[in-house]
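Asker: Sequence and computational prediction follow.
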Amino acid sequence: METDLRTLARVKEWYGPHSSTAAEWPVDALILAKGTTTISVVLPARDEESTVGDIVRVIRRDLVERAPLVDEILVVDSNSTDATAERAREAGARVVAQNAVLSHLPPLTGKGEALWKGLAATTGDIVVYIDADLRSFGAHYVSGLVGPLLTNSDIHFVKATYERPYVGADGSVQPGGGGRVTELVARPLINLFWPELAGIAQPLGGEYAGRRSVLEAVPFVTEYGVEFGLLVDLLELVGLDAMAQVDLGYRTHTHQSMTALGRMAGQIMLTAWSRLQRQGRVSETPARTMLQFGLEGGADVVDLAVDERPPLASLVLEEDVA
């Protein structure tokens with residue numbers, strides 16, 4: 001109990017100085033603070049033709065043409081079957097096919113793979129990740145995330161926080177109803193095993209930014225455990241005081257089915273378990289399959305196994321030696 005109280009006090013101590021809002025980071029001030037620092041924005045995208053173009057267009061208009069804050073906009077096309085790549089190019093992004101980056105490596109699947117390939121394909125000192133399915137995007141998503149990084153050399157990683165409503169198929173809005181996997185899986189796991197991270201309000205949110213030097217130093221889970229894995233690994237690498245969070249206001253996006261969320265939850269749990277194993281806190285290896293029941297009464301065995309890409313810096317060093 002005494003340990004729990006000390007951890008809670010530590011989280012409260014961290015929360016105030018390391019939490020801010022996007023409005024606290026005006027673009028004009030950030031351009032002055034930017035100096036020679038370069039900023040890349042990466043959007044992982046799979047079948048997001050209806051939203052990716054609008055996001056790219058806003059970044060290019062507001063943060064490249066009107067104010068020179070962003071140096072590079074990259075969309076990683078994750079094997080889309082629609083016009084995602086075309087819409088992104090038309091809006092002004094550079095587009096790369098996921099499997100074309102580091103093509104000598106065996107291809108893997110998943111969101112984390114697209115994020116890792118995006119890191120490899122960009123050059124910015126600061127890398128900003130933005131999900132490509134957002135329906136509430138504004139330029140402040142990017143400027144807010146880079147604010148702490150440009151103004152404080154002790155900050156190495158910034159997560160977004162926001163209000164996440166659930167928008168039903170009929171257009172109805174349930175405030176706070178989004179982020180179901182966060183509340184049912186990620187937050188309990190964090191509070192149980194990594195309580196120092198309990199102050200991170202949106203641990204699974206897809207919007208965050210980091211210094212290239214630290215992002216290249218940690219592995220990337222290739223599937224939906226990537227955000228969870230990054231948080232835990234970066235906590236170990238740079239410590240809590242090197243992390244910050246910025247409130248971006250409001251976030252709406254495309255919701256996944258309950259079946260898809262179940263698979264996501266399983267992948268996050270496996271990612272958490274792998275970190276516990278590496279830290280010597282558990283030894284047993286869990287099952288990697290799950291039986292899911294459909295609406296029609298049928299059942300399917302789902303493979304939850306997640307791969308990992310190694311720290312990008314280790315790969316670059318190996319190639320340099322070779």
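Answerer: Sure, I can see it. Numbers count the residues shown, from 1 in each chain.

Asker: where do the helices sit along the stretch 151-300 of the chain?
Answerer: For the stretch 151-300 of the chain, applying DSSP state H, counting those that start in this stretch gives helices covering 180-181, 187-193, 212-215, 226-238, 258-278.

Asker: Which elements pack onto the longest one?
Answerer: Packing contacts for helix 258-278, counted by 3 or more C-beta pairs under 8 Å, 6 or more residues apart in numbering; DSSP states H and E, involve helix 180-181, helix 187-193, helix 226-238, strand 289-293, strand 299-303. Any C-beta I mention is one placed from the backbone N, CA and C, and that applies to glycine too.

Asker: Let me know which of the helices of the stretch 151-300 of the chain is tucked in deepest.
Answerer: Across the helices of the stretch 151-300 of the chain, the average number of neighbours (mean count of other C-beta atoms under 10 Å) peaks for helix 226-238, which reaches a mean of 22.

Asker: helices or strands up against that helix?
Answerer: Counting contacts by 3+ C-beta pairs under 8 Å, 6+ apart, helix 226-238 is packed against helix 111-121, strand 157-163, strand 208-211, helix 212-215, strand 220-221, helix 258-278.

Asker: Out of these, the one nearest Arg10 is which?
Answerer: strand 157-163 (17.5 Å; C-beta to C-beta).

Asker: by contact count, what packs against the closest one?
Answerer: If contacts are counted by 3+ C-beta pairs under 8 Å, 6+ apart, strand 157-163 sits against helix 140-151, strand 208-211, helix 226-238, strand 243-250.

Asker: quick one: low-confidence parts of the stretch 151-300 of the chain?
Answerer: Where the stretch 151-300 of the chain drops to pLDDT under 70, the residues are 166-178, 253-255, 295-296.

Asker: Columns distance to Ala67 on top of the helices and strands packed on helix 226-238, output as JSON lines?
Answerer: Supplementary listing: the helices and strands packed on helix 226-238 in JSON lines, determined by distance: least, C-beta to C-beta, whole Å:
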{"stretch": "helix 111-121", "distance to Ala67": "23"}
{"stretch": "strand 157-163", "distance to Ala67": "19"}
{"stretch": "strand 208-211", "distance to Ala67": "17"}
{"stretch": "helix 212-215", "distance to Ala67": "22"}
{"stretch": "strand 220-221", "distance to Ala67": "30"}
{"stretch": "helix 258-278", "distance to Ala67": "36"}
